[in-house]
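K.L.:
below is the structure, and that's it, no one-letter string:
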């Protein structure tokens, strides 16, 4: 198949832009499976939000990331947080995409619109040039604004995807009869390289991996551990960086946890997976959370996983079966979930086993194939 994948978030080849890798992992698997793939990355931002490093890059460029060809263009919003593109910017994107498809040398059999709401004005223009179906894939940021616009998007296509069951429920509420599918994130195909079977750390080891920003609620895990420090032995490895780091370091000291908590900073994905493979537990009660690919990665690495109730992973992570769900913001529920490691070891061990089974059903390779099947290709 010839797949045109248009997205407003995509990893860079030359610097860490901290943008989600989920779309890239899907495209990478399609390429491995023999499909022709062209990614268009429309980076839509208020122009003053570009970092000096990004400002130094050209307005358009091409690169190949793990055999996936990517064409990049800067699309400028007139104001911070502005949801709608001016016609001039939409026309600029349309012209760029058509030129890149011509250079690609294939007529697309399908166009995927990843993070579809902001760029729908562009998609409407582009689809006039190609006789193929368009598949929008909705994220949290796509469905939290205008139900009317979401409905219009769904009315104009044959099938729509959502990256969590929560989003699919919202789509069904807007258009009950519409055809939809779940667009999962995928666990690494090579997880056996990181998970070495059952291990027993001398000290209960919890890991977190992600950006240190308010919505990740790392402070809740720290406060929960603070309530357990006098009766449980543990260490907490925090991987990542961000605006909350200094605040979290200060909170760690305030709670008397400095000897038990390690701030590792940002590391490569392979190093994150290696740390997950060595840990006993992965804990993150983030909200809002679209899917939370790190949960699935941690399951694949054999961790006891504690996730967010009512957020994207809810439904993939089933409370009490392959992990535990807690209410985001609840220190008490997080503490209870962590303490299960000591009070219910056999139940936790069974959750770890089932977590691995879940991740094995949702590898990157299998998820990429499922998306095409669910779309009818």
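P.N.:
Great, that's in hand. Note that this is a predicted model, so its numbers are computed, not measured. Residues are numbered from 1 along each chain as shown.

K.L.:
helix, strand or coil for residue 28?
P.N.:
Secondary structure for residue 28, judged by DSSP: H, G, I helix; E, B strand; the rest coil, is helix.

K.L.:
number of residues surrounding it?
P.N.:
Residues lying near residue 28 (other C-beta atoms under 10 Å) number 20. Any C-beta I mention is one placed from the backbone N, CA and C, and that applies to glycine too.

K.L.:
the helix or strand of the chain with the lowest mean pLDDT: what's the following helix or strand?
P.N.:
Lowest mean confidence among the helices and strands of the chain (mean pLDDT, DSSP states H and E): helix 52-55, at a mean of 76. On the C-terminal side of helix 52-55, the closest following helix or strand by DSSP states H and E is strand 60-65.

K.L.:
paired strands for the next helix-or-strand element following that next one, with orientation please.
P.N.:
Of the helices and strands lying after strand 60-65 in sequence (DSSP H and E), the nearest is strand 68-77. Using DSSP bridges, the strands paired with strand 68-77 are strand 36-46 (parallel), strand 60-65 (antiparallel).

K.L.:
returning to what we had before: could you list the buried residues of the least confident helix or strand of the chain?
P.N.:
Across helix 52-55, burial judged by 16 or more other C-beta atoms under 10 Å covers no residue at all.

K.L.:
which elements pack onto that helix?
P.N.:
Helix 52-55 sits against no helix or strand, with contacts defined as 3 or more C-beta pairs under 8 Å, 6 or more residues apart in numbering; DSSP states H and E.

K.L.:
what separates that helix from the chain centre, distance-wise?
P.N.:
24 Å (C-alpha atoms, centre = their mean, to the nearest Å).

K.L.:
cool, and stretch 80-94?
P.N.:
Relative to its parent chain, stretch 80-94 has a centroid offset of 25 Å by C-alpha atoms, centre = their mean.

K.L.:
ditto for stretch 292-302
P.N.:
A distance of 11 Å separates the centroid of the chain from that of stretch 292-302, by C-alpha atoms, centre = their mean.

K.L.:
going forward, the N-terminal residue is numbered 320.
P.N.:
With 320 as the first residue, the last one maps to stretch 611-621.

K.L.:
average pLDDT for that stretch?
P.N.:
The pLDDT scores in stretch 611-621 average 88.

K.L.:
ok, now stretch 594-601?
P.N.:
On average, stretch 594-601 scores 92.

K.L.:
and the helices in the stretch 370-519 of the chain?
P.N.:
Secondary structure of the stretch 370-519 of the chain by DSSP state H, counting those that start in this stretch: the helices cover 371-374, 406-423, 439-446, 459-462, 466-474, 484-493.

K.L.:
most packed of the strands paired with strand 387-396?
P.N.:
strand 355-365 (a mean of 21; mean count of other C-beta atoms under 10 Å).

K.L.:
and that strand with helix 406-423, angle?
P.N.:
Strand 355-365 and helix 406-423 are oriented at 160 degrees to each other (axes from the mean of the first three to the mean of the last three C-alpha atoms, to 10 degrees).

K.L.:
and the angle for strand 355-365 with helix 439-446?
P.N.:
In terms of direction (the same axes, to 10 degrees), strand 355-365 departs from helix 439-446 by 150 degrees.

K.L.:
tell me how far strand 355-365 lies from the chain's centre.
P.N.:
Centroid separation for strand 355-365 versus its chain: 17 Å, with C-alpha atoms, centre = their mean.

K.L.:
now swap in stretch 636-651 and tell me
P.N.:
Distance, stretch centre to chain centre, for stretch 636-651: 19 Å (C-alpha atoms, centre = their mean).

K.L.:
so which bits of that stretch are buried?
P.N.:
Buried residues in stretch 636-651 (16+ other C-beta under 10 Å): 636, 637, 641, 642, 643, 644, 645, 647, 649, 650.

K.L.:
out of these, which are inside helices?
P.N.:
The members of these that map onto helices under DSSP state H are residue 650.

K.L.:
touching stretch 460-470 from outside, list them.
P.N.:
Here stretch 460-470 makes contact (C-beta atoms under 8 Å, 6 or more residues apart in numbering) with 402, 434-437, 439, 455, 457, 481, 486, 489-490, 493-494, 609.
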